[in-house]
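>>> Build me a structure from this.
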Amino acid sequence: MRIIARDYSKRITPSRKRHDMGMMASEIASHIPRMWMRSSSEDDFWRWFCGEAQSVMRNAADLKERSRLHARLLAALSHAGLPQPPPSFRIKC
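Coordinates of the predicted model:
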């Protein structure tokens, strides 16, 4: 599994995987301003952001971890001064 430019596919232990999921969420969060500036439209940004967020959610160990990571990414949007995903993207993100 690759996020942005890092390969997280070689991790096997549960604690290492949890750590990597947190690192993946942090990496996405740090790229939100750049993603926003490089997107051609707001819909383009949401497609990009949601795709990155889905890759983290897909690899979360359980519902609790998925919820924690989801909340972390939504908080990163607020921290970057961006709104929450619009209704058309909320299910995907």
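>>> quick one: contacts of stretch 27-35?
Contacts with stretch 27-35, where a contact means C-beta atoms under 8 Å, 6 or more residues apart in numbering, come from 3-4, 6, 45, 48-49, 52-53, 56, 72-73, 76-77, 79-80, 82. C-beta: built from backbone N, CA, C; applies to glycine.
>>> So for stretch 55-63, what gets flagged as buried?
In terms of neighbour count (16 or more other C-beta atoms under 10 Å), stretch 55-63 has its buried residues at 55-57, 59-60.
>>> Using neighbour counts, pick out the buried residues of whichever helix in the chain runs longest.
Using DSSP state H, we find that the single longest helix of the chain is helix 14-38. Using 16+ other C-beta under 10 Å as the burial criterion, the residues of helix 14-38 that qualify are 17-18, 20-21, 24-25, 27-29, 31-32, 35-36.
>>> Dump those residues into a markdown table; add pLDDT and distance to residue 67 as well.
Formatted as a markdown table, the buried residues of helix 14-38 follow (pLDDT from 0 to 100; distance: C-beta to C-beta, whole Å):
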| residue | pLDDT | distance to residue 67 |
| --- | --- | --- |
| 17 | 73 | 16 |
| 18 | 77 | 14 |
| 20 | 81 | 18 |
| 21 | 84 | 12 |
| 24 | 89 | 16 |
| 25 | 91 | 12 |
| 27 | 92 | 19 |
| 28 | 94 | 16 |
| 29 | 94 | 16 |
| 31 | 94 | 22 |
| 32 | 95 | 20 |
| 35 | 95 | 23 |
| 36 | 95 | 24 |
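>>> residue boundaries of the helices in the protein?
Counting by DSSP H, the helices of the chain are 14-38, 42-59, 63-79, 87-90.
>>> If you average pLDDT over each of those, which is lowest?
Mean pLDDT values for the helices of the chain show the minimum at helix 87-90, a mean of 79.
>>> gap between it and the chain center?
Distance of helix 87-90 from the chain centroid (C-alpha atoms, centre = their mean, to the nearest Å) equals 15 Å.
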